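Undergrad: whatever this is, show me its structure:
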Amino acid sequence: MVLSRSESARGKLGVVMNSRVPGSTATGIERIGDRQVMLISSTSSMHRGALLGSDGRRIAAAVKSAIKFEIPIVMLLSTSGASIHEGIEALHGWGVAARELANASGIVPIICGLFGPAVSGPALLLGLSDVVVTTPEAYAFVTGPDMVRDFTGMSVSAEELGGTYSLAVKNGTSHLEATDYDEMLEQIEEVLEFLPSSTNQLPPFMATDDPVERYGSKLDSIIPASPTGSYDVRDIIMEIADDEYFFELRSRFAPQLVVGLARIGGNPVGILANQPRVLAGTLDIPASQKGARFVRFCDGFNLPLITLEDTPGFLPGKDVEWRGMIRHGAELAFSYASCGVPRMCVILRKAYGGAYIVMDSKGMGSDVVFAWPSAEIAVMGAQGAAQILMRRATAEERLEYQTSYEKNYLTPYVAAERGFVDEVIEPGMTRTALASALELVMAKKERIRKAKHANSPM
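TA: This is a model prediction of the structure:
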């Protein structure tokens, strides 16, 4: 049973913690669905839920307990920020809370439901969460409309600056959008169904009547005949998932990359896929950030990772290079390279250059790589190769070379001969192949590297 708004607002928790401490939050252990969680809930309308120093210490204590008990953290927030009346005491409080949440990251799932404001420093608590669900009343920003106007001269509303649309589309803070408070709770419950209670456990198995041997006949004709033709990669994902169900995250942010949760043979998995319908599936800075964050999320909570690849490469342009395409492209590569969960990749069509490498190739450490017969694995496409290698030739000679290049290089069999592709499979067999590979690699073990931490290219 999901906690209702009235129950959470009054702090009616299964095991209440620090109940006599004043402030605008309540903490305690509660059940959401059939899962036990540490619930941190905004309770007071005084000063629009401004956090006192005592609130920060209460949240920090709850987070420490969640780590000790190995249970997920669920925050239901609506706060106008650190209390101005308390000053430095309130600032210190949310800083203590942020530090403990950072310590919990990757140990227990952190899920946040935002049903009102999250302003100034406390807004950063959203960024420390693994999954954020927002309602239409939600908005969040570090510096508000007044400060934006004072510093830039531009007038902007709170909704425009950090409303649910901006959080979902512009900056990607929101993973899921709910129509109201109750749906927000339902979505939180569904996220929990895919996740273990801590990094020391496996994700929960859910039995299914959908046989893993099911042949996906729709997939045999899904790739367009034209090399520039598009399709919706979600159709492929649903065809390989149990009961054709896919729980997508951050669907409106960097839509050329699709990420989300599904099950195969009852086992929860994370799926990351290029989306040819948007920018031909190219990787830009937001897509690289989105992918890197999702890979780290799967790695932290033992979710086997499936990558579906169809990308012509990184998005070219002066602007993206100046804004740090090198760093953020490396961020995606870094996340895959350090990912220790079972990893499987299916090359659907285009896999060119550096993008082929970072999208979980054998070189990045993928455990099993499949390719469809339509796969094109090469440094670049045939037209680009002909323009470079045959730039002094006639148009007829370039066309002849392009045809030869497509025949000799743009096939998965060259990569298979060199061991970079384990098997070329018929598209309809993808679900069966992934289920068999998953059963094999589920027992995978990797050594922990000897270092305090790696310096990731953020």
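
Undergrad: buried residues, stretch 210-220. List them.
TA: Burial within stretch 210-220, assessed by neighbour count using 16 or more other C-beta atoms under 10 Å, is assigned to 210, 212, 215-216, 219. The C-beta positions use only the backbone N, C-alpha and C, and glycine is treated the same way.

Undergrad: that stretch: end-to-end distance?
TA: Distance between the two ends of stretch 210-220: 20 Å, counting by C-alpha to C-alpha, to the nearest Å.

Undergrad: and it, how far out from the chain's middle?
TA: Centroid separation for stretch 210-220 versus its chain: 26 Å, with C-alpha atoms, centre = their mean, to the nearest Å.

Undergrad: quick one: residues in contact with it.
TA: For stretch 210-220, the surrounding residues in contact (C-beta atoms under 8 Å, 6 or more residues apart in numbering) are 235-236, 239-240, 242-244, 264-265, 426-432, 435-436.

Undergrad: and those residues, which are buried?
TA: Among the contacts of stretch 210-220, those scoring as buried are 236, 239-240, 242, 264-265, 427-432, 435 (criterion: 16+ other C-beta under 10 Å).

Undergrad: just these: which are in helices?
TA: 236, 239-240, 430-432, 435 (DSSP state H).

Undergrad: which residues does the residue nearest to the spatial centre of the chain contact?
TA: Nearest to the mean C-alpha position of the chain, by C-alpha atoms, centre = their mean, lies residue 294 at 3.1 Å. Residues near residue 294 by C-beta under 8 Å, 6+ apart: 249-250, 259, 270, 272.

Undergrad: for residue 183, same thing?
TA: Residue 183 neighbours (C-beta under 8 Å, 6+ apart): residue 135.

Undergrad: from residue 134, how far out is it?
TA: 11 Å (C-beta to C-beta, to the nearest Å).

Undergrad: what's the answer for residue 394, then?
TA: Separation of residue 394 from residue 134 (C-beta to C-beta) stands at 58 Å.

Undergrad: so for the two, which residue has more residues nearby?
TA: residue 134 (28 against 9; other C-beta atoms under 10 Å).

Undergrad: how close does the more buried one sit to residue 180?
TA: Taking C-beta to C-beta, one finds residue 134 at 11 Å from residue 180.

Undergrad: ditto for residue 189
TA: Relative to residue 180, and taking C-beta to C-beta, residue 189 is found at 15 Å.

Undergrad: got CSV for the contacts of residue 294, with pLDDT, neighbour count and secondary structure too?
TA: Output for those, formatted as CSV (pLDDT from 0 to 100; neighbours: other C-beta atoms under 10 Å; DSSP: H, G, I helix; E, B strand; the rest coil):
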residue, pLDDT, neighbour count, secondary structure
249, 98, 21, strand
250, 98, 24, coil
259, 98, 23, strand
270, 98, 24, strand
272, 98, 23, strand
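
Undergrad: just the closest of those to residue 15, please.
TA: Nearest to residue 15 out of the contacts of residue 294 is residue 249 (C-beta to C-beta; 30.0 Å).

Undergrad: count the neighbours of residue 403 for me.
TA: For residue 403, the neighbour count with other C-beta under 10 Å is 12.

Undergrad: tell me which element it is part of?
TA: Per DSSP states H and E: residue 403 is located in helix 395-408.

Undergrad: before we move on, back to that, reformat the buried residues of stretch 210-220 as CSV; add pLDDT.
TA: Compiled in CSV, the buried residues of stretch 210-220 are given as follows (pLDDT from 0 to 100):
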residue, pLDDT
210, 96
212, 96
215, 96
216, 95
219, 97
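
Undergrad: between those residues, which sits nearest residue 342?
TA: The shortest approach to residue 342 among the buried residues of stretch 210-220 belongs to residue 212, at 15.6 Å (C-beta to C-beta).

Undergrad: and the closest one, how far from residue 329?
TA: To residue 329, residue 212 is 35 Å away according to C-beta to C-beta.

Undergrad: same check on residue 307?
TA: Distance of residue 307 to residue 329, given as C-beta to C-beta: 16 Å.

Undergrad: same thing with residue 197?
TA: For residue 197 relative to residue 329 (C-beta to C-beta), the value is 34 Å.

Undergrad: what does residue 261 give?
TA: The spacing between residue 261 and residue 329, counted by C-beta to C-beta, is 25 Å.

Undergrad: residue ranges of each domain in this protein, please.
TA: The chain breaks down by automatic domain parsing into domains covering 5-194, 217-375+411-441.

Undergrad: quick one: mean pLDDT for the first one?
TA: Going back to what we said before, that points to domain 5-194. What domain 5-194 shows for mean pLDDT is 89.

Undergrad: so how far is it off the chain centroid?
TA: Its chain's C-alpha centre and that of domain 5-194 lie 19 Å apart, by C-alpha atoms, centre = their mean.

Undergrad: and residue 347, helix, strand or coil?
TA: The three-state label for residue 347, taken from DSSP: H, G, I helix; E, B strand; the rest coil, comes out as strand.

Undergrad: so it sits right up against residue 373, yeah?
TA: No: proximity of residue 347 to residue 373 does not meet the contact threshold set by C-beta atoms under 8 Å, at 10.5 Å.

Undergrad: extract the C-alpha trace of the helix or strand containing residue 75 and format it as PDB.
TA: Counting by DSSP H and E, the element that carries residue 75 is strand 73-79. C-alpha atoms of strand 73-79 as PDB (Å, rounded to 0.1, in the frame of the first residue of the first chain):
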ATOM      1  CA  ILE A  73      15.800   6.400   1.100                       C
ATOM      2  CA  VAL A  74      12.600   8.100  -0.200                       C
ATOM      3  CA  MET A  75      12.400  11.900   0.200                       C
ATOM      4  CA  LEU A  76       9.100  13.700  -0.300                       C
ATOM      5  CA  LEU A  77      10.100  17.300  -0.500                       C
ATOM      6  CA  SER A  78       8.500  20.800  -0.600                       C
ATOM      7  CA  THR A  79      10.900  23.400   0.800                       C
END
